[in-house]
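Engineer: predicted model and sequence below, questions to follow.
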Amino acid sequence: MPASEARPDGAVTTEQAAEVTLPREELDRIWSPEYLERLARTYWRFLSRASFGLLRVLYTETSREIVLLTRPLVLLRFHKPEYDYDAAGGTVTWPIDRGMLVAPGGRGKGFLRISVRRRPADDVEGRSEITAQVTAEVASFYPTLGGWRWFARLGRHVYRITQLRIHVIVTNAFLRSLARLDLAPSKVGALLGEGVAVAEEDSAAAVGEARPGG
């Protein structure tokens, strides 16, 4: 079950997790910054496919935008991703900027993050299979549907039964899909070494993704 909380100021945090168990040699093969980069790309590809192409991801040098078909319908705008990687796991974080789904007071606050960690109890010499935990988290998100003033209580309820429910369903489906290891290839493959923050793929992108204005 997803964990979620809502603060009195309207900020919402949700977290969902799934475990993927693989042969050690298979997990070791993909345990690299390159595959963290590919995981990030796979998330956006899945979002586009799950929406039957209605949602697209537009890339700039400094942002990622989720749009409804095309501009100017920018639902969510993120700053470019930040990566962190070590031997035990890695994270990719997209800081939230703004968008139609973000309340004015929530601009520049919160983030979307995908994390992957090896389960320490499994990662011992001689064990043939290892379990990795994948977590998808949205933290300190201020939804427009959350409302404000007298509408706040009703707005939070509307958000929970609409936007939040859709987010949970899509994220759960994405996490389950990772068992197939169908990770979208990176066009750049630029993640080399620890803690390098770079673009996860070429702006030309792939299915459901496009460069703004072209």
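Structural biologist: Received, thanks. Small disclaimer: the values here were computed from a predicted structure and weren't measured.

Engineer: can we go C-alpha only for contacts and neighbour counts from here?
Structural biologist: OK.

Engineer: what's the following helix or strand after the lengthiest helix in the chain?
Structural biologist: In the chain, ranked by residue count with DSSP state H as the criterion, the top helix is helix 33-50. Next helix or strand after helix 33-50 toward the C-terminus (DSSP states H and E): strand 55-59.

Engineer: what pLDDT is listed against Gln133?
Structural biologist: Looking at Gln133, its pLDDT reads 88.

Engineer: can you count the residues close to it?
Structural biologist: 16 (other CA atoms under 10 Å).

Engineer: let me see the contact set for the closest residue to Leu76 other than its chain neighbours.
Structural biologist: The shortest distance from Leu76 to any non-neighbouring residue, by CA to CA, 6 or more residues apart in numbering, is to Gly99 (4.3 Å). With contacts taken as CA atoms under 8 Å, 6 or more residues apart in numbering, Gly99 has the following neighbours: 74-77.

Engineer: which of those sits closest to Asp9?
Structural biologist: Leu76 (20.1 Å; CA to CA).

Engineer: pretty sure that closest one contacts Trp94?
Structural biologist: No - using CA atoms under 8 Å, Leu76 is not in contact with Trp94; the gap is 10.9 Å.

Engineer: of these two, who's got more company?
Structural biologist: Using other CA under 10 Å as the criterion, Leu76 and Trp94 rank with Trp94 on top: 21 against 18.

Engineer: what helix or strand is that one on?
Structural biologist: Applying DSSP H and E, one finds Trp94 within strand 89-98.

Engineer: next SSE downstream of that strand?
Structural biologist: Per DSSP H and E, strand 89-98 leads on to strand 111-118 as the next helix or strand towards the C-terminus.

Engineer: alpha carbons of stretch 91-108, in PDB - could you do that?
Structural biologist: The C-alpha trace of stretch 91-108 is given here as PDB (Å, rounded to 0.1, in the frame of the first residue of the first chain):
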ATOM      1  CA  THR A  91      18.400   8.100  -6.900                       C
ATOM      2  CA  VAL A  92      17.200  10.400  -9.600                       C
ATOM      3  CA  THR A  93      15.400  13.500  -8.400                       C
ATOM      4  CA  TRP A  94      13.400  16.000 -10.400                       C
ATOM      5  CA  PRO A  95      12.800  19.200  -8.400                       C
ATOM      6  CA  ILE A  96       9.300  20.600  -9.000                       C
ATOM      7  CA  ASP A  97       9.100  24.000 -10.700                       C
ATOM      8  CA  ARG A  98       5.600  24.900 -11.600                       C
ATOM      9  CA  GLY A  99       2.600  23.900 -13.900                       C
ATOM     10  CA  MET A 100      -1.200  23.800 -14.100                       C
ATOM     11  CA  LEU A 101      -1.300  21.100 -11.400                       C
ATOM     12  CA  VAL A 102       0.900  23.000  -9.000                       C
ATOM     13  CA  ALA A 103      -0.700  25.600  -6.700                       C
ATOM     14  CA  PRO A 104       0.900  29.100  -6.900                       C
ATOM     15  CA  GLY A 105       2.200  28.700  -3.300                       C
ATOM     16  CA  GLY A 106       3.900  25.400  -4.200                       C
ATOM     17  CA  ARG A 107       6.000  26.700  -7.100                       C
ATOM     18  CA  GLY A 108       9.700  25.800  -6.600                       C
END
